[in-house]
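> Give me a 3D structure for the following:
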Amino acid sequence: MVTIDQIIVKILAYRPQANIKLIRESFEYAKQHLRGVYRVSGDTALIHSLIVTDHLLAFQPDDNSIMACLMHDVCKTEAYNTEEIAQMFGEDVASLIGGMQKLMTVHLKGGRSDLEAF
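Purely as a prediction, here's the structure:
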């Protein structure tokens, strides 16, 4: 299982100027809001977010992309608040999460939607 500490080591290897404090805060925000949330696979939403973020690091993303990836499943919870995320992590992060939320809805023939995109 990948941990936030392992992710931070990988980030610092290619982006020493990264705002690790804010990245950790985004992880803690996700941890708080995803407590008890599970994916169809049975994994917790938080573990899924860490795994996806670990894969994203292969593309050497910026801080905003990393934070949005860590928090991308938060948009599926009742506690999701775009304004709060924008205030805490910036408009760009909130916008990226909003874009991922739209990508999670897959429209199938016949108008049926499936919220488990990936």
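> Now do the strands in the protein.
Remark: strands assigned in the chain by DSSP state E are 106-107, 113-114.
> which residues touch stretch 53-72?
2, 6-7, 10-11, 14-15, 18-19, 22-23, 26-27, 29-30, 33, 49-50, 52, 85, 89-90, 92-93, 96-97, 100-101 (Cβ atoms under 8 Å, 6 or more residues apart in numbering). For glycine as for every other residue, the C-beta is placed from the backbone atoms N, C-alpha and C.
> Now the terminal residues of it, how far apart.
Taking Cα to Cα, to the nearest Å as the measure, stretch 53-72 stretches 10 Å from start to finish.
> Use 49 as the first number for this chain going forward.
All set: I'll call the first residue 49, so the last point we hit is now stretch 101-120.
> And that stretch, what's buried?
101, 104-105, 109, 111-120 (16 or more other Cβ atoms under 10 Å).
> Neighbours of residue 97, how many?
The number of residues packed near residue 97 is 24, by other Cβ atoms under 10 Å.
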